[in-house]
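S.K.: this one's sequence-less:
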């Protein structure tokens, strides 16, 4: 029972932190950045190129692969002074309950001030969700796009947070879209 209460308290605190991470924090003065554990690609691969209206290439239709998205996200986000340490997690409470039964795979990228911190300083700076059906993916993507830049490719959705002031989230999603050969659509609030 005690563990359940602790787990509930941690989940609640994480949700509160996520809600509070709207990007209102002031920029820090130090520029140190440790690479994320999932990152191993050269820095040039993390640089977004093109725009959200990328044309599908010969590789279109290959879909989004978590490993590529994870590496690109870690490389790019940990260059931002507000995310010196980043980590992917599987806490599916990041998906509203009405969509959870349709989720096949969920990952969220959280930012920490230093290695070993228990609680993230900025939660859910990116969310990667694979759904079992395209209709659920589309509905979720459209709902998320009301607040955050969102990419949908087939049954997979990547949501970009807004808490990293020095990271262009729309350009980030364009780079993620390139990993799928330009397939999919970037949605933003109107």
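M.R.: Arrived safely, thanks for sending. These numbers were taken from a predicted model, which means no experiment stands behind them.

S.K.: the strands in the protein, which residues?
M.R.: Taking DSSP state E, the strands of the chain run over residues 85-89, 103-112, 122-131, 150-153, 156-160, 185-187.

S.K.: Need the winner for burial among these.
M.R.: Of all the strands of the chain, strand 156-160 carries the top mean neighbour count, a mean of 27, counting by mean count of other C-beta atoms under 10 Å. C-beta: built from backbone N, CA, C; applies to glycine.

S.K.: where along the chain do the helices fall?
M.R.: Here the chain has its helices, by DSSP state H, at 2-20, 66-77, 97-100, 134-144, 169-179.

S.K.: Which neighbouring elements make contact with the third one?
M.R.: Packing contacts for helix 97-100, counted by 3 or more C-beta pairs under 8 Å, 6 or more residues apart in numbering; DSSP states H and E, involve helix 134-144.

S.K.: Of the helices of the chain, which shows the lowest average pLDDT?
M.R.: Of all the helices of the chain, helix 2-20 carries the lowest average pLDDT, namely a mean of 37.

S.K.: From the rest of the structure, what touches stretch 138-156?
M.R.: Outside stretch 138-156, the residues that touch it by C-beta atoms under 8 Å, 6 or more residues apart in numbering are 63-64, 95-96, 99, 104, 127-134, 137, 157-162, 169-170, 172-173, 176-177, 180, 183-189.

S.K.: try 6 Å
M.R.: Residues from elsewhere that reach stretch 138-156, judged by C-beta atoms under 6 Å, 6 or more residues apart in numbering: 63-64, 99, 130-131, 134, 137, 157-160, 169-170, 173, 176-177, 180, 183-189.

S.K.: Start and end of that stretch, how far apart?
M.R.: Criterion C-alpha to C-alpha, to the nearest Å; first-to-last residue distance in stretch 138-156 is 9 Å.

S.K.: for the protein, what are the low-confidence residue spans?
M.R.: When residues are selected by pLDDT under 70, those of the chain lie in 1-62, 190.

S.K.: one more time with 90
M.R.: Scanning the chain with the threshold set as pLDDT under 90 gives 1-63, 90-95, 161-163, 165-166, 189-190.

S.K.: There's contact between residue 124 and residue 106 in this structure, I believe.
M.R.: No: in this structure, residue 124 is not within contact of residue 106 by C-beta atoms under 6 Å, at 10.9 Å.
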